[in-house]
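The amino acid sequence is not available; the structure is as follows:
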């Protein structure tokens with residue numbers, strides 16, 4: 001994990017399980033995990049989700065922008081799996097009912 005992405009007090013990582021055809025296709029093509037982060041720009045509280053705005057802001061600073069359409073601001077569900085059983089940290093997008101029956 002790159003140091004600049006590490007939290008000074010936390011020694012765990014998050015695992016995102018996407019339900020997005022572009023992300024899934026990239027993962028299948030790569031055949032290995034992909035490191036990503038939400039695009040929350042300095043001074044902003046919410047992630048940037050509009051492709052045209054992202055292109056305007058960052059087109060000269062990144063190698064590639066894939067326009068998959070506008071995203072949303074619904075946060076993901078977060079589970080803590082560091083102990084014996086899953087603990088819900090945040091309920092958001094995604095059905096966790098099957099995961100909670102583990």
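All right, it came through fine. Everything numeric here is computed off the predicted structure, so don't read it as measured data.

What are the buried residues along the longest helix along the chain?
Secondary structure of the chain per DSSP state H: the longest helix is helix 21-30. Across helix 21-30, burial judged by 16 or more other Cβ atoms under 10 Å covers residue 23. Where you see a C-beta, it was placed from the backbone N, CA and C, and this is true even at glycine.

Identify the residue spatially nearest to residue 41, adjacent ones excluded.
Spatial nearest neighbour of residue 41, excluding adjacent residues (Cβ to Cβ, 6 or more residues apart in numbering): residue 48 at 6.1 Å.

Could you count how many residues lie near the one you found?
Residue 48 has 15 neighbours, counted by other Cβ atoms under 10 Å.

swap in the one 10 residues further on?
As a burial measure, the neighbour count of residue 58 was computed by other Cβ under 10 Å and equals 13.

mind checking the SS state of the nearest residue to it once chain neighbours are set aside?
For residue 58, ignoring the flanking residues on the chain, the nearest one in space by Cβ to Cβ, 6+ apart is residue 65 at 7.1 Å. Secondary structure for residue 65, judged by DSSP: H, G, I helix; E, B strand; the rest coil, is coil.

and if you look at residue 4?
Counting by three-state DSSP, the backbone at residue 4 sits in helix.

per-residue pLDDT, it?
According to the prediction, residue 4 has pLDDT 74.
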